[in-house]
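In: take a look and give me a structure for this.
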Amino acid sequence: MFIDQAEVYVRSGKGGDGMVHFRREKYVPRGGPDGGDGGRGGDVIFEVKAILNTLVAFRHTMRYIAADGKPGGTNNKYGKSAADLVVSVPPGTMIYDAQSGDLLGDLTQPGEQLSICKGGRGGRGNTHFKSSTNQAPRTAERGEPGEEKRLRLELKLIADIGIVGVPNAGKSTLLSVLTNATPKIAAYPFTTLEPNLGVAALDDETDVVLADIPGLIEGASQGAGLGFEFLRHIQRTRVLVHLLDGLAADPLADFSQINSEMALFDPALGTKPQVVAVNKADQPEVQARWAQLQKQFKKKKVDVVLVSAMARTGVRELLLEAAAKLAETPAREDITTEMPVYRPAEDPRAFKVSRDPDGGWRVAGAAIERAAVMTYWQHDGSVRRFQKLMERLGVDKRLHEAGAEEGDTVCIGEYELEYKE
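Out: Model prediction:
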């Protein structure tokens with residue numbers, strides 16, 4: 001089964017909590033703070049595996065959650081960091097943020113990696129909060145929460161040569177003859193419902209990858225028939241073999257129609273080098289009209305060859321001609337070699353103050369909500385530290401200006417606080 005689109009949920013691991021602890025040993029009754037730091041949460045990383053060629057695995061597993069870091073220990077022991085979660089994808093996978101639609105990465109080369117969600121850092125133990133005025137701090141940090149995203153994965157086949165044409169032109173038969181592929185073949189339109197890949201050997205040292213693209217019809221660029229679901233696979237190819245049905249009513253019209261649909265979908269497709277071949281040379285009707293077809297294509301300044309995929313006539317010569325054009329064609333320019341870097345559009349320290357329907361207040365912002373999650377609310381020292389952070393960010397001032405009064409409820413993330421002047 002060929003799956004070329006999938007949507008998944010990913011979440012990196014939470015950092016381990018820092019520890020509040022004091023050294024207590026015989027003859028050392030006041031050894032001071034020795035709470036250790038928590039470990040880092042695991043990242044979520046996507047990696048290209050050359051042996052994969054579909055996204056079918058994401059049909060069965062749609063949630064990928066990395067492990068959390070371990071909490072810190074006594075005697076300044078660090079918690080163990082979690083292993084990264086590596087998710088394997090086939091070459092040609094494009095990863096989008098499902099909510100914003102932004103392209104996060106275009107993975108094409110075997111072994112190429114893209115870090116999607118960074119694991120949360122471990123919380124600091126109370127050792128870090130010791131000072132000359134506070135030698136027994138009951139303050140520590142919880143681990144930083146992990147990141148989460150909903151992703152849309154889209155696969156574009158990576159092939160050197162793409163075989164295109166109208167339905168039932170013989171593309172699958174040609175692919176099976178040229179390569180070791182075993183596509184489904186039958187004498188009715190749309191036999192091929194999914195792209196097929198095959199590898200053809202030119203000599204002992206040189207191979208080329210061919211893709212049989214499902215048949216295109218008029219209106220394909222707008223989604224008719226199998227539509228643009230498969231037009232995008234042609235974008236990855238460098239050379240096209242345009243196979244025509246020699247028994248069709250008007251092969252020249254089919255040729256023009258397919259080229260028009262490709263150009264409407266992506267203008268760059270209209271500039272790709274093509275080798276044009278008329279198939280079914282083993283049929284007497286095709287042999288009888290071959291001279292006429294040659295004249296028609298010559299008027300359009302298009303070189304055309306006659307082949308028979310079924311009888312294996314002229315197919316080796318067709319492959320060598322396509323390979324020659326491939327050698328003259330520059331490497332694919334549509335593949336992104338560098339991962340785009342996305343930076344936050346807003347200051348992470350920014351926040352908004354709003355009024356809830358029940359009369360309470362809500363403070364929303366990346367930095368303040370993360371700080372709330374990382375606070376040990378059961379320790380007075382941690383609470384005082386959070387209050388100072390609110391003052392530095394200007395949250396107290398903004399609430400006062402908005403009309404907050406003594407005793408009002410203030411919600412920050414999942415936590416409810418009481419406002420005091």
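In: which of the three states applies to L269?
Out: Per DSSP: H, G, I helix; E, B strand; the rest coil, the secondary structure class of L269 is helix.
In: just give the nearest non-adjacent residue to it, would you?
Out: Distance criterion C-beta to C-beta, 6 or more residues apart in numbering; nearest residue to L269, sequence neighbours excluded, is M262 at 3.9 Å. Every C-beta, even on glycine, is put in place using the N, C-alpha and C of the backbone.
In: make sure I have this right: the one you found is in a strand.
Out: No. Counting by three-state DSSP, M262 falls outside a strand, being helix.
In: I'd say it and G162 touch.
Out: No. At 10.1 Å, M262 and G162 do not qualify as touching, with contact defined as C-beta atoms under 8 Å.
In: quick one, which of the two is more surrounded?
Out: G162 (27 against 24; other C-beta atoms under 10 Å).
In: gap between that one and G198?
Out: Distance of G162 to G198, given as C-beta to C-beta, to the nearest Å: 12 Å.
In: low-confidence stretches in the chain?
Out: Residues of the chain meeting the criterion pLDDT under 70: 1-4, 180-195, 215-230, 331-348.
In: separation between T271 and F297?
Out: As for T271, its distance to F297 is 19 Å (criterion: C-beta to C-beta).
In: how's the chain carved up into domains?
Out: Following automatic domain parsing, one gets these domains for the chain: 1-155, 161-328, 352-418.
In: not counting sequence-adjacent ones, nearest residue to A169?
Out: Distances taken as C-beta to C-beta, 6+ apart place D245 nearest to A169, at 4.3 Å, with adjacent residues excluded.
In: quick check, A311 in a helix?
Out: No. Assessed with three-state DSSP, A311 is coil; it does not lie in a helix.
In: which residues touch it?
Out: 281-282 (C-beta atoms under 8 Å, 6 or more residues apart in numbering).
In: what about it, distance to L247?
Out: Distance, A311 to L247, using C-beta to C-beta: 14 Å.
In: again with F297
Out: From F297 across to L247, the span is 16 Å (C-beta to C-beta).
In: next: D356.
Out: According to C-beta to C-beta, D356 and L247 sit 71 Å apart.
In: state the helix or strand in which L151 lies.
Out: Taking DSSP states H and E as the criterion, L151 maps to strand 148-155.
In: F255 too?
Out: Using DSSP H and E, F255 sits in helix 251-265.
In: try L243
Out: strand 239-245.
In: repeat for A367
Out: Secondary structure assignment for A367, by DSSP H and E: helix 366-373.
In: and that helix, C-alpha only, in PDB?
Out: The C-alpha trace of helix 366-373 is given here as PDB (Å, rounded to 0.1, in the frame of the first residue of the first chain):
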ATOM      1  CA  ALA A 366       4.900  31.600  26.800                       C
ATOM      2  CA  ALA A 367       7.500  32.700  29.400                       C
ATOM      3  CA  ILE A 368       5.000  33.200  32.400                       C
ATOM      4  CA  GLU A 369       3.100  29.900  31.700                       C
ATOM      5  CA  ARG A 370       6.400  28.000  31.400                       C
ATOM      6  CA  ALA A 371       7.600  29.500  34.700                       C
ATOM      7  CA  ALA A 372       4.300  28.500  36.400                       C
ATOM      8  CA  VAL A 373       4.800  24.900  35.300                       C
END
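In: which outside residues touch it?
Out: Contact with helix 366-373 is made by 142, 144-145, 344, 348-351, 386, 389-390, 393, 395, 412-415, as judged by C-beta under 8 Å, 6+ apart.
In: in this structure L393 contacts V363, no?
Out: No. Using C-beta under 8 Å, L393 makes no contact with V363, being 9.3 Å away.
In: mutual contacts of these two, please.
Out: Common contacts of L393 and V363, defined by C-beta under 8 Å, 6+ apart, comprise F351.
In: looking at the two, which is more packed in?
Out: When L393 and V363 are compared for neighbours, V363 comes out ahead with 21 against 18, by other C-beta under 10 Å.
In: show me what that one is bridged to.
Out: Here V363 sits in beta bridges with V353, I412, going by DSSP bridges.
In: before we move on, what about I45?
Out: With DSSP bridges as the rule, I45 is bridged to V86, S115.
In: ok, it - contacts?
Out: Applying C-beta under 8 Å, 6+ apart, we find I45 in contact with 84-87, 113-116.
In: can we see that at 10 Å?
Out: Residues near I45 by C-beta atoms under 10 Å, 6 or more residues apart in numbering: 10, 12, 66, 84-87, 113-118.
In: top of the residues you listed by neighbour count?
Out: Counting by other C-beta under 10 Å, S12 has the largest number of neighbours within these, with 31 neighbours.
In: wait, that one touches D84, no?
Out: Yes. Using C-beta atoms under 10 Å, S12 is in contact with D84, at 8.7 Å.
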